[in-house]
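Student: Can you look at this prediction? I've put the sequence above it.
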Amino acid sequence: MAGLVSTTGVGDDIRHRFPIFENRVYLNSCSQGALAVSVRSAYDAYLDSLETEGSQWGRWVGQAERVRAAFAEVLHAHPDTVAVTTSASAGVNAVASALDFSKRDTVVTTSLEFPTIGQIWHAQERRGAKVIHVSAEPDNVLSLDRLAGAIDDRTAIVSVTQVCYRNGSRLDIEAIARIAHERGAPLLVDVYQAAGAVPVDVRASEVDFVVGGALKYLLGSPGVGYLYANPTTTGHLVPTVTGWFADEDINAMEIGRYRPARNARRFEAGTPPIPPIYAAIAGVELMLEIGIDRTAEHVGRLNDWLVDEVIAMGGVVATPNDPSLRGPLVAVRAADAERLVQRLADRRIVTSARDGNLRISPHCYNRAADIEQVLSALHANRDLLVS
């Protein structure tokens, strides 16, 4: 095995904020970000306020606006263009409900998507939609030519992930946006496996919708997500999946009409998920303090080294070899991925498995020593790797 890789040092700088490293090597941020002290404290602050002050609606609404602003900073967007949701699924469902499939009836997506994407778009078949799945190549790279060939004047929306949850394949979002827009179709991007460890700039990429959530690389917890809606290209779309907080004036308490907000809040629904919002604020603001660009560079170096070493030991990496086509997770082909995850867990190394792959996902808090430990474990369990 080669010597320790040179990194930016970010892992050493902030690792003390994540207690799990006192007893585990945590490399599963693609499932759940490691719990930071500040995120746990945020939950405590919410519970303390219930005990000492009871209902705090004014404060809670303010917290929703604070997390909206934090998500907007991650996306390089204005807060008015961001809806606070309970999940990425809630955001996609709201968008789907706003589409009219009578003239443009086709949804173009890919084989790399998370289940919620395919399931929601296929649910629209009852409303007249037709769903086309463009398959990735055997190396898990999506052919832009094949994608372009599937998009035409019948396409209602193009829906893609930025990073595939199964294998870490990363798509060229700016190029896909150009292809979709040349054919008059809006683009929705799922950035759940990217945001926090990969820079996301909705203005530069000119996407129409972006969905994601806080629990992975943004260091929050389940129960809160976001939807970005480009005001220039999506202002005419009004969802029928709605709720109290989507109203133009939530304090009006009106029941005799539907008057959605004119900004992205129209894609929201009922009472905001207050407890996870507290946690999301702490996690996202911590991630912004650490620096997403800095994190991307750090994770990229760790993953370059990881990929090279796995290949050198005769393993097969399912993630594309080109670093520009890789997200923050590396997928290693396994003969029995679940068993391999357990063997690593026996060594106090936390990873996960999907689609026959071992998923290893470093983040800002990981160090070269963590990668060295997982590589040592893979050498010791070479019998469970695909050659």
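Tutor: Perfect, thanks for sending it.
Student: For the nearest residue in space to residue 112 that is not next to it in sequence, list the residues it contacts.
Tutor: Distances taken as Cβ to Cβ, 6 or more residues apart in numbering put residue 164 closest to residue 112, at 3.9 Å, once the chain neighbours are dropped. (C-beta placed from N, C-alpha, C; glycine too.) Taking Cβ atoms under 8 Å, 6 or more residues apart in numbering, we find residue 164 in contact with 112-113, 136, 140, 170, 193, 327.
Student: just residue 35 next, same as before
Tutor: With contact taken as Cβ under 8 Å, 6+ apart, residue 35 is in contact with 18-20.
Student: try 10 Å this time
Tutor: By Cβ atoms under 10 Å, 6 or more residues apart in numbering, the residues touching residue 35 are 17-20, 26, 43, 219-221, 279, 283.
Student: which of these sit farthest apart?
Tutor: 26 and 43 (19.3 Å; Cβ to Cβ).
Student: more neighbours, the two?
Tutor: Neighbours were counted for residue 26 and for residue 43 using other Cβ atoms under 10 Å; residue 26 has more, 23 against 16.
Student: Okay, strands next: where are they in the protein?
Tutor: 25-26, 82-85, 106-110, 130-134, 155-161, 187-190, 209-213, 225-229, 330-333, 349-350, 352-354, 357-360 (DSSP state E).
Student: Residue 55: neighbouring residues, count only.
Tutor: 9.
Student: Give the buried residues for the longest helix along the chain.
Tutor: With secondary structure taken from DSSP state H, the chain has its longest helix at helix 292-312. For helix 292-312, the neighbour count (16 or more other Cβ atoms under 10 Å) marks 292, 295-296, 298-303, 305-307, 309-310 as buried.
Student: Measure how far it is from the centre of its chain, please.
Tutor: The chain centre lies 19 Å from the centre of helix 292-312; the measure is Cα atoms, centre = their mean, to the nearest Å.
Student: Let me see the contact set for residue 237.
Tutor: By Cβ under 10 Å, 6+ apart, the contact set of residue 237 is 94-95, 97-100, 157, 186, 208-209, 229, 266-267.
Student: now these in JSON lines, with distance to residue 86?
Tutor: Listed next are these as JSON lines, based on distance: Cβ to Cβ, whole Å:
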{"residue": "94", "distance to residue 86": "11"}
{"residue": "95", "distance to residue 86": "15"}
{"residue": "97", "distance to residue 86": "15"}
{"residue": "98", "distance to residue 86": "18"}
{"residue": "99", "distance to residue 86": "21"}
{"residue": "100", "distance to residue 86": "25"}
{"residue": "157", "distance to residue 86": "21"}
{"residue": "186", "distance to residue 86": "23"}
{"residue": "208", "distance to residue 86": "21"}
{"residue": "209", "distance to residue 86": "17"}
{"residue": "229", "distance to residue 86": "17"}
{"residue": "266", "distance to residue 86": "16"}
{"residue": "267", "distance to residue 86": "12"}
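Student: Go through those and name the one nearest residue 11.
Tutor: Using Cβ to Cβ, these come closest to residue 11 at residue 209, 33.3 Å.
Student: Next one: the closest residue to the closest one other than its chain neighbours relative to residue 267, how far apart?
Tutor: Nearest non-adjacent residue to residue 209, counting by Cβ to Cβ, 6+ apart: residue 188, 4.0 Å away. Going from residue 188 to residue 267 by Cβ to Cβ, to the nearest Å gives 12 Å.
Student: And the two? Which one has more around it.
Tutor: Between residue 188 and residue 267, residue 267 has the larger neighbour count (other Cβ under 10 Å), namely 32 against 27.
Student: wait, isn't that one in contact with residue 91?
Tutor: Yes. Between residue 267 and residue 91 a contact is recorded at 6.5 Å, counting by Cβ atoms under 10 Å.
Student: which residues are common contacts for the two?
Tutor: With Cβ under 10 Å, 6+ apart, residue 267 and residue 91 have common neighbours 83-85, 209, 211, 226-229, 239, 241.
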